[in-house]
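**Q** Curious how this folds, go ahead:
(chains A and B)
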Protein chains: 2
Amino acid sequence: MKEKVSCIYLIPVTLGDCELEKVLPSYNLEIIRSLEYFVVENLRSARRFLKKCDRSIVIDDLNFAELNEHTRREQVDALLKPAEEGHDIGVISEAGCPAVADPGADLVAVAQRKGFKVVPLVGPSSILMSLMGSGFNGQNFAFNGYLPVDREARLAKMHEMERRIRHESQTQIFIETPYRNNRLIAEMAKSLPASLLLCVASDITGGRESIISRPLSWWAKASYDYDKIPSIFLLYKQ
Amino acid sequence: MKEKVSCIYLIPVTLGDCELEKVLPSYNLEIIRSLEYFVVENLRSARRFLKKCDRSIVIDDLNFAELNEHTRREQVDALLKPAEEGHDIGVISEAGCPAVADPGADLVAVAQRKGFKVVPLVGPSSILMSLMGSGFNGQNFAFNGYLPVDREARLAKMHEMERRIRHESQTQIFIETPYRNNRLIAEMAKSLPASLLLCVASDITGGRESIISRPLSWWAKASYDYDKIPSIFLLYKQ
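**A** Numbering: from 1, shown residues only, chains lettered A, B, ... in the order given. Now for the predicted structure:
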């Protein structure tokens, strides 16, 4: 048996085009500089990120494997081969924190089964930061991912979320395809009680960051344009 | 009306005794240096944190107000007075990220109502980091806070979490008073199906950090001692 257990480092990246120093601890760069093996969601953007971290990094000396929505379950095991040979691996996704609302979770599950040491690093998460900024219940909350596209399933989901807000005091967090953001807000203002609070958190850590919590009655009359701006939505009661 | 809207900065601190560079972006220090007004969960530890950020900060030149479990709802408004006078305010809690599982959320709710700009900064969150490291579903998860103390309510809660794992594929995250950590693991191993996966994430960002996901059948036979070590628990299915 090897003495040292290989580490799988989960390396957050910026959300959109933002200075690294704004959202990443300098320790992350130390770890990055120590690694030769990476599993990345997108080769091109991972290389760009590493180059931004440290111009002196020689990308061609590093080893990359891709993990994304096209990767089949049975291929995931093979991505950990360098770890079995004693190398640490860095996992980098397209935006934010690997393995949260992101394909990295499958790789981490296999790494856990194989007994490697999994080490998450600190970085920006729109889920967590929007919750902090919303003023909603942070003792009990759920992230629901994308709402269903089908109209009926979508309404059912909204009402289930409303029920959990009322009966469990659980903040409900969810996302939408960016070009449908405006439509979603209008839909909620129409289908849910006017007194319910909606927080729209958009362009988190970016130059146009805005986190606004108001009753749905306010959103029903407000003028806004969140289409194409990465946004995250939270619902809670007054 | 004032031209500049006051900002309420939510400033994360370390989880336990850890180097700042390991978990905080350098940008946070820039913001801290620009502030004269702070609302803090604990005066003593907030002062110590600021001094650790920058030895040259003159603590006596700064203004502190306390916000904790003893603060009454009607006192929260007054804490924002400096913001009404045009000053930015920094919010600092005992550990981790303000307003998530923490009294800061009440202050943020008032700040939102009054129309101040709320700006969360990046920092360590045991909830998010344990989820990243668990390998469990990061597309759908719930944080439940503390489990009930009462035996019957506690079992009911465990079974409700199991139901949501099975039917909604929702990862369940929760915490326990540290001196009861071992007992909680034994209880789950006894009361829940052996095939369910339990992740115990302890001392996140600390020197003894460990994140281990295994079936409850494994935990039933394992030897461990998490008592007094800050830990967070996650349940999911295989």
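**Q** where does residue A:52 land in three-state SS?
**A** helix (DSSP: H, G, I helix; E, B strand; the rest coil).
**Q** What is the neighbour count of the nearest residue to it once chain neighbours are set aside?
**A** Of all residues not flanking residue A:52 in the chain, residue A:20 sits nearest, at 6.3 Å (C-beta to C-beta, 6 or more residues apart in numbering or on different chains). Every residue, glycine included, has its C-beta placed from N, CA and C. Per other C-beta atoms under 10 Å in any protein chain shown, the neighbour tally for residue A:20 reads 20.
**Q** so what's residue A:20 up against?
**A** Counting by C-beta atoms under 8 Å, 6 or more residues apart in numbering or on different chains, residue A:20 touches A:14, A:29, A:52-53.
**Q** Put the alpha carbons of stretch A:224-235 into PDB.
**A** Only the C-alpha atoms of stretch A:224-235 are listed here, as PDB (Å, rounded to 0.1, in the frame of the first residue of the first chain):
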ATOM      1  CA  TYR A 224     -36.500  44.900 -15.000                       C
ATOM      2  CA  ASP A 225     -34.600  43.000 -17.600                       C
ATOM      3  CA  TYR A 226     -32.700  39.900 -16.400                       C
ATOM      4  CA  ASP A 227     -32.800  38.100 -19.700                       C
ATOM      5  CA  LYS A 228     -29.400  36.800 -20.700                       C
ATOM      6  CA  ILE A 229     -28.000  37.800 -17.300                       C
ATOM      7  CA  PRO A 230     -27.000  34.800 -15.200                       C
ATOM      8  CA  SER A 231     -29.500  34.900 -12.300                       C
ATOM      9  CA  ILE A 232     -30.600  32.800  -9.400                       C
ATOM     10  CA  PHE A 233     -34.000  33.000  -7.700                       C
ATOM     11  CA  LEU A 234     -35.100  32.500  -4.100                       C
ATOM     12  CA  LEU A 235     -38.600  32.500  -2.600                       C
END
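**Q** mind listing what's buried in it?
**A** A:226, A:229-235 (16 or more other C-beta atoms under 10 Å in any protein chain shown).
**Q** Closest one of these to chain B?
**A** residue A:234 (11.2 Å; C-beta to the nearest C-beta).
**Q** Bridged to the closest one, which residues?
**A** Note on residue A:234: beta-bridge partners by DSSP bridges are residue A:173, residue A:199.
**Q** remind me which residues of chain A are low pLDDT?
**A** A:1-3 (pLDDT under 70).
**Q** all strands for it, in order.
**A** Along chain A, counting by DSSP state E, strands occupy A:7-11, A:37-40, A:63-66, A:89-92, A:117-120, A:141-146, A:171-175, A:197-202, A:210-215, A:231-236.
**Q** Tell me which of those sits most buried.
**A** strand A:89-92 (a mean of 26; mean count of other C-beta atoms under 10 Å in any protein chain shown).
**Q** buried set for the longest helix belonging to chain A?
**A** The residue-count maximum for a helix in chain A (DSSP state H) belongs to helix A:151-168. Within helix A:151-168, the residues scored as buried using 16+ other C-beta under 10 Å are A:157-158, A:161-162, A:164-165.
**Q** can you give me the offset of stretch A:44-64 from its chain's centre?
**A** 22 Å (C-alpha atoms, centre = their mean, to the nearest Å).
**Q** contacting residues around it?
**A** Contacts for stretch A:44-64 (C-beta under 8 Å, 6+ apart): A:13-14, A:20, A:28-29, A:32-33, A:35-40, A:43, A:82, A:92, A:94.
**Q** same thing with stretch A:66-81?
**A** Contacts of stretch A:66-81 (C-beta under 8 Å, 6+ apart): A:8, A:39-43, A:65, A:89, A:91, A:103-104, A:106-107, A:110-111, A:114, A:116.
**Q** and if we set it to 6 Å?
**A** Residues from elsewhere that reach stretch A:66-81 (C-beta atoms under 6 Å, 6 or more residues apart in numbering or on different chains): A:39, A:41, A:43, A:65, A:103, A:106-107, A:110.
**Q** which one of these has the most neighbours?
**A** Going by other C-beta under 10 Å, residue A:39 tops the contacts of stretch A:66-81 with 27 neighbours.
**Q** Let me see the contact set for that residue.
**A** Residue A:39 touches A:65, A:67, A:79, A:89, A:91, counting by C-beta under 6 Å, 6+ apart.
**Q** any chance of the buried residues of helix A:151-168 in CSV, plus distance to residue A:174?
**A** Formatted as CSV, those follow (distance: C-beta to C-beta, whole Å):
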residue, distance to residue A:174
A:157, 8
A:158, 9
A:161, 8
A:162, 12
A:164, 12
A:165, 12
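**Q** Tell me the one among these nearest to residue B:217.
**A** Lowest distance from residue B:217 to the buried residues of helix A:151-168 (C-beta to C-beta) belongs to residue A:164, with 31.0 Å.
**Q** hang on, the earlier thing: can you lay out the strands of chain A as a markdown table showing distance to residue A:188?
**A** Formatted as a markdown table, these follow (distance: least, C-beta to C-beta, whole Å):
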| stretch | distance to residue A:188 |
| --- | --- |
| strand A:7-11 | 33 |
| strand A:37-40 | 35 |
| strand A:63-66 | 37 |
| strand A:89-92 | 34 |
| strand A:117-120 | 32 |
| strand A:141-146 | 13 |
| strand A:171-175 | 10 |
| strand A:197-202 | 6 |
| strand A:210-215 | 11 |
| strand A:231-236 | 8 |
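**Q** before we move on, back to that, for the contacts of residue A:20, which two are the farthest from each other?
**A** Within these, two members stand farthest from each other by C-beta to C-beta: A:14 and A:29, at 13.1 Å.
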